[in-house]
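Participant: need the 3D shape of this:
(one chain, ligands or ions: 1)
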Amino acid sequence: MILSLVAAALAAAQAAAPQPFADAVAPPPGETRADTAGTPATTGGWTLLVHGGAGTIRRDRITAEQDAAYRAAIDAALMAGQAVLAKGGSALDAVQAAVELMEDDPLFNAGRGAVFTHDRTNELDAAIMDGRTRAAGAVARLTTSRHPVAVARAVLRDGRHVMLTGADADRFGADRGVEQMDPAWFATPHRREQIDEFLRREAGAKAVSSYDIDQKFGTVGAVARDARGHLAAATSTGGLTGKRWGRIGDAPIVGAGTYADDRACAVSATGAGEYFIRVGVAHEICARVRLAGESLQEAADAVMAEVLALGGSGGVIVAGPDGRSAFSFNTEGMYRGRLTSDGVHEVAIYDDE
Ligand code: ASP
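Facilitator: As a prediction, the model looks like this:
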């Protein structure tokens, strides 16, 4: 009896009709701010948003070359996701493809180019979630897997557990074909300079946070709505410069830095992870959309305001089942991009774009 009930519930879940895009309508109130304006619902197809971190990202702190390099990298991630979505591929495959590309790019604090821990190691966290089934995979403290998000995907696919950590998680990834690297492969000179500076300041008995060193968070993430109406989210990070004692941030915590639920939205976050964990940011946004009927923009802005009220900064990208999407951040900038099947193609950095 119980088994047949379970089987019926599973069949119903599998048969759940994909939601078509709603007809294009004007953005609801709250979706009008230029920096975080939600797109109107589209009439068909797919939506993809990516981010490469948020923070004190100002024109006067970035050279023209850096500006161009970040825009090109964000655009490349959009293209990687588009290659999946335009062929009718799944949101899950698209967010993984976009994040893997950024994990390889030393510009971002994920995979190669990850920040250093207090012990001068690189420890990588990632998560991926399927909005169709709410299946999720998360990994933390990896040191050898080239693509942490691919290990997270293998955890999701395996299905027995949701979160794996440390060397065992790397081994699990290796067993499932995820490329393994010498830990030195993840280290870059720029990140070494940052940890040196962090430790110098700390030795001088100064209160120091990773934000003092970098002024931005460089986590990467992607959210997508595919042509079948399914959602997915993925996030990958090296965490915070100088993190210690096995610290794990919000990125791999399902419901904090990453969440996807076809009934509401898909969210990937970047920022001061401790606050995002305490607020349960990604799940909280989806809950407000699902239970309070808020728009993506209203929900994201309200939850980011809660993060700010506690003293945290950062941002989120959000995609909904009707093709709408939103950016929200309480910092001066967020590396971000949006691409949809009906022609929206945006790459932006600063809050006034
Ligand atoms: N959220 C990440 C963490 O706290 C940091 C980041 O966004 O760059 O681990």
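
Participant: which SS state does V223 fall under?
Facilitator: strand (DSSP: H, G, I helix; E, B strand; the rest coil).

Participant: export whichever helix or strand Y259 is part of as PDB, just CAs?
Facilitator: According to DSSP states H and E, Y259 maps onto strand 258-261. This file holds the C-alpha atoms of strand 258-261, laid out as PDB (Å, rounded to 0.1, in the frame of the first residue of the first chain):
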ATOM      1  CA  THR A 258      21.800  27.600  -4.000                       C
ATOM      2  CA  TYR A 259      18.200  26.500  -4.500                       C
ATOM      3  CA  ALA A 260      15.800  25.400  -7.300                       C
ATOM      4  CA  ASP A 261      12.100  24.500  -7.100                       C
END
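
Participant: is it true that H161 touches V155?
Facilitator: Yes - between H161 and V155 there is a contact at 6.4 Å, judged by C-beta atoms under 8 Å. In this view, the C-beta of every residue, glycine as well, is placed from N, C-alpha and C.

Participant: and these two? Which one has more around it.
Facilitator: V155 (26 against 12; other C-beta atoms under 10 Å).

Participant: that one belongs to a strand?
Facilitator: No - counting by three-state DSSP, V155 falls outside a strand, being helix.

Participant: what residues are up against G311?
Facilitator: Y275 (C-beta atoms under 8 Å, 6 or more residues apart in numbering).

Participant: for the record, mean pLDDT for the strand holding Y259?
Facilitator: For strand 258-261, mean pLDDT rounds to 98.

Participant: again with stretch 107-125
Facilitator: Mean predicted lDDT for stretch 107-125 stands at 97.

Participant: before we move on, back to that, just checking, what packs against the helix or strand following the strand holding Y259?
Facilitator: Remark: after strand 258-261, the chain's next helix or strand is strand 265-271, criterion DSSP H and E. If you count contacts as 3 or more C-beta pairs under 8 Å, 6 or more residues apart in numbering; DSSP states H and E, strand 265-271 packs onto strand 47-55, helix 91-104, strand 220-225, strand 231-237, strand 258-261, helix 281-292, helix 296-310, strand 314-319.

Participant: after strand 265-271 comes which helix or strand?
Facilitator: Taking DSSP H and E, what comes next after strand 265-271 is helix 273-279.
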